[in-house]
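[1] here is a sequence with its predicted model. Questions after.
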Amino acid sequence: MKLVPAHVAGARGMLKMSRAELAAASGVAEKTIWNFEEGGRVPHDDTLQKLQEALERRGIIFHNGGKPTVTLDPDRAVIPPKLAD
């Protein structure tokens, strides 16, 4: 599966997770996340893997196909996602 900016932005939105929170959870610089989501540089594969794993630990499932999408399955989360307040 190829992680694209829409995956990361969509996953963060579903989790109500800021870029700063994702940076802390993944060990990836906030600026790197911002650049990727805004269509700038594509990070190295190992950096993309860190982002994907941090989001998957919170129950995100990534899908490719005609349109990249994400879904949230809280039952798969190792770290409980922040859901509606």
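    Alright, I've got the coordinates. This one's a predicted model, so the numbers in the text were calculated from it and none came from an experiment.
[2] what is the neighbour count of Glu21?
    15 (other CB atoms under 10 Å). In this view, the C-beta of every residue, glycine as well, is placed from N, C-alpha and C.
[3] the one 5 residues further on now?
    One way to gauge burial is a neighbour count; for Ser26, by other CB under 10 Å, it gives 21.
[4] contacting residues for the residue lying closest to it once chain neighbours are set aside?
    Excluding the flanking residues, the one nearest Ser26 by CB to CB, 6 or more residues apart in numbering is Ala54, at 3.8 Å. Going by CB atoms under 8 Å, 6 or more residues apart in numbering, Ala54 touches Leu22, Ala25, Ser26, Val28.
[5] show the buried residues in those residues.
    Leu22, Ala25, Ser26, Val28 (16 or more other CB atoms under 10 Å).
[6] export the residues you listed to a markdown table and tack on distance to Leu3, pLDDT and secondary structure?
    What follows is the buried ones among the contacts of Ala54, written out as a markdown table (distance: CB to CB, whole Å; pLDDT from 0 to 100; DSSP: H, G, I helix; E, B strand; the rest coil):
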| residue | distance to Leu3 | pLDDT | secondary structure |
| --- | --- | --- | --- |
| Leu22 | 13 | 97 | helix |
| Ala25 | 15 | 96 | helix |
| Ser26 | 12 | 97 | helix |
| Val28 | 12 | 98 | coil |
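[7] which of the residues you listed sits closest to Thr47?
    Using CB to CB, the shortest approach to Thr47 within these belongs to Val28, at 5.6 Å.
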